[in-house]
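> Structure for this input, please:
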Amino acid sequence: MITILTREVIDMSGFKEYVGSVIRLYRESKGLTLRELADDLDVPFTSLSKMESGDQRIDSEFLVKVADYFGVSIDTMLSRSLDEADEDMHQSENKPGIREALRYILDNYHGARSELFKNHEMGNHVRNVIKKVLIDEANLDENRFFIAGSVGQGQWAEIPWISIFIKDITTTATKGYYIVYLFKADMSGVYISLNQGWTYFKNKYGTKIGREKIQSTAELIRKKMNTVPVNMSATEISLGGRGELAQGYERGHIYGRLYDANNLPSSKEIINNLKELLASYKEVEYMMGKRSVDQFNDYFLLSDDGHYLEEEQEQEENFQDNVQTALNSTDEEDADEAPLSKPAPVFDKAGKERWPRDAQVAARALRLSNYKCAYDESHISFTSKVTGERYLEIHHLVPMKYQGEFNVSLDRTAQLLALCPTCHRQIHHGTDKEKETMLRKLFYDRREKLEKIGIEIGFKELSKMYGIEV
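Numbers count the residues shown, from 1 in each chain. Predicted structure coming up:
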């Protein structure tokens with residue numbers, strides 16, 4: 001029995017390697033050579049070889065093709081064992097298909113809305129009939145997926161919907177990520193959409209900014225994805241609804257496709273589209289790793305919120321750039337008059353606590369420095385194109401990665417140092433003797449300010465944080 005990994009935390013390059021290894025496992029289980037499978041799938045031998053080794057991007061259309069070749073669903077192929085997959089090889093061909101199930105809603109929903117809501121057949125169709133069709137035709141495992149539909153709560157909804165949730169992510173359309181069939185208000189068509197819940201964004205940012213953030217998240221996910229659904233490239237949807245629910249779906253949309261009521265494709269095509277989108281949904285699950293939906297969104301929106309992690313080089317460069325541009329939107333006042341409570345952490349892909357830095361706070365520290373190097377005011381640097389002043393970089397005296405050891409915030413202007421690029425590199429990469437000399441001066445210059453904001457630390461303890469034994 002060959003068991004395939006299911007819930008490890010894998011980054012985006014790791015996801016390609018993982019998918020490639022799954023294809024290889026299935027190929028080898030059937031006793032096929034690379035060339036034989038490449039010929040059967042009508043792809044170049046070299047391309048399939050690169051896919052299996054994780055060196056070539058695999059689009060979701062090809063992934064569906066592979067799953068169909070081996071007679072399994074996308075979820076079965078990526079998440080379950082080959083022995084289990086053998087049990088799901090066949091499905092009934094005599095039952096009404098998804099095309100007919102969707103057509104029933106498009107043709108009859110307007111008429112149903114003029115009738116009594118309670119116990120109406122339309123509600124049963126959306127909640128139960130389509131659920132069974134999707135489970136049967138797409139081979140959806142009910143232990144893993146939750147399927148729900150709604151025509152409203154106590155009264156007819158403007159936009160009926162049917163959602164497919166990975167249970168480990170969410171079981172509600174108000175939170176997390178999911179696939180949803182959304183009917184246009186005039187019943188002129190139905191969308192299939194990879195979408196996201198609105199509640200997190202509304203609660204954290206408020207309605208106005210939340211609307212921008214949910215759209216930013218959709219765009220960020222599109223940029224990160226490897227399994228791009230080729231046949232569902234629509235990045236905007238228009239439901240024609242007047243309510244907040246319809247607008248929330250429109251803003252939360254990531255990828256999808258419109259099925260025109262006058263030109264509905266075959267059930268086979270609709271199910272193949274769903275399988276493609278399930279592959280993309282599966283990748284979102286991998287992006288999330290061990291994190292909750294809120295933790296994932298917090299981390300994903302860090303840079304969009306002007307927050308950056310200290311230990312990641314790419315974020316370090318973005319942090320310093322954004323400090324320069326944030327100068328125009330910070331006030332002149334130094335707010336460091338008293339200690340602030342330790343902020344909440346964010347969580348990386350492995351579920352590890354990380355502590356971001358705020359570019360606005362750093363910009364305030366840069367302005368307060370009067371653009372002079374904190375170690376030696378005579379140090380010369382080039383002129384910043386953004387500010388027109390001497391270019392300096394911001395450095396946290398007590399490194400942010402130690403925030404978990406303090407009960408007060410370390411992201412305060414009192415302990416942020418503006419250093420010329422040479423000094424900044426030296427305090428990170430110089431010899432122990434050079435770093436100790438710098439650190440001693442900087443520490444004793446700032447000691448009283450650190451104590452004022454509740455950061456209690458001695459020079460010996462600080463030196464150890466820099467890898468220096470004194």
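> CA only for contacts and neighbour counts going forward, please
OK.
> After the helix or strand hosting Leu439, which helix or strand is next? Please name it.
Using DSSP states H and E, the element containing Leu439 is helix 432-452. Downstream of helix 432-452, the first helix or strand assigned by DSSP H and E is helix 459-465.
> could you say what helices and strands that following helix packs with?
Applying 3 or more Cα pairs under 8 Å, 6 or more residues apart in numbering; DSSP states H and E, one finds that helix 459-465 contacts helix 432-452.
> And the average pLDDT for the helix it packs on is what?
Per-residue pLDDT values over helix 432-452 give a mean of 95.
> Model confidence for Ser463, exactly?
96.
> actually Ile58, not the one I wrote
The confidence metric pLDDT takes the value 81 at Ile58.
> Distance of it relative to Glu285?
17 Å (Cα to Cα, to the nearest Å).
> Glu389 too?
Counting by Cα to Cα, the separation of Glu389 from Glu285 is 45 Å.
> before we move on, what about Asn407?
Distance of Asn407 to Glu285, given as Cα to Cα: 33 Å.
> and what of Thr172?
Distance of Thr172 to Glu285, given as Cα to Cα: 16 Å.
> so where do the helices sit in the stretch 201-350 of the chain?
244-252, 267-288, 293-300, 313-326 (DSSP state H, counting those that start in this stretch).
> how about those helices, which one is nearest Thr207?
helix 244-252 (10.5 Å; Cα to Cα).
> which other residues reach the closest one?
159, 195-198, 211, 214-215, 218, 236-241 (Cα atoms under 8 Å, 6 or more residues apart in numbering).
> Return the member of the residues you listed nearest to Asp298.
For the contacts of helix 244-252, the residue nearest Asp298 by Cα to Cα is Ile214; the value is 11.8 Å.
> got the residue ranges for the helices in the stretch 351-470 of the chain?
Going by DSSP H, counting those that start in this stretch, the stretch 351-470 of the chain shows helices at 359-368, 421-429, 432-452, 459-465.
> Which of these has the highest mean neighbour count?
Stretch with highest mean neighbour count among the helices of the stretch 351-470 of the chain: helix 359-368 (a mean of 24; mean count of other Cα atoms under 10 Å).
> Please convert the buried members of the contacts of helix 244-252 into ChimeraX selection syntax.
The buried residues among the contacts of helix 244-252 can be selected in ChimeraX (16 or more other Cα atoms under 10 Å) with this line:
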select :159,195,196,197,198,211,214,215,218,237,239,240,241
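> Looking at the contacts of helix 244-252, which are in strands?
The strands, defined by DSSP state E, take in Asn195, Gln196 from the contacts of helix 244-252.
> Please list all residues in contact with Lys167.
The contact partners of Lys167, taken as Cα under 8 Å, 6+ apart, are Arg144, Phe145, Phe146.
> filter the residues you listed to the buried ones?
Phe145, Phe146.
> export the contacts of Lys167 to JSON lines and tack on pLDDT and secondary structure?
Listed next are these as JSON lines, based on pLDDT from 0 to 100; DSSP: H, G, I helix; E, B strand; the rest coil:
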{"residue": "Arg144", "pLDDT": "95", "secondary structure": "coil"}
{"residue": "Phe145", "pLDDT": "97", "secondary structure": "strand"}
{"residue": "Phe146", "pLDDT": "97", "secondary structure": "strand"}
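> Any chance of the contacts of Lys167 in TSV with distance to Gly71 as columns?
What follows is these, written out as TSV (distance: Cα to Cα, whole Å):
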residue	distance to Gly71
Arg144	19
Phe145	19
Phe146	23
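> Between the contacts of Lys167, which sits nearest Gly31?
Nearest to Gly31 among these is Arg144, at 29.5 Å by Cα to Cα.
> isn't that closest one right next to Ile166, touching?
Yes. Here Arg144 reaches Ile166: they are 6.0 Å apart, a contact under Cα atoms under 8 Å.
> follow-up on the earlier one: can you tell me which of the contacts of Lys167 lies nearest to Gly430?
Nearest to Gly430 among those: Arg144, at 52.2 Å, using Cα to Cα.
> which residues sit in contact with the closest one?
Contact partners of Arg144, counting by Cα under 8 Å, 6+ apart, are Ile166, Lys167, Asp168.
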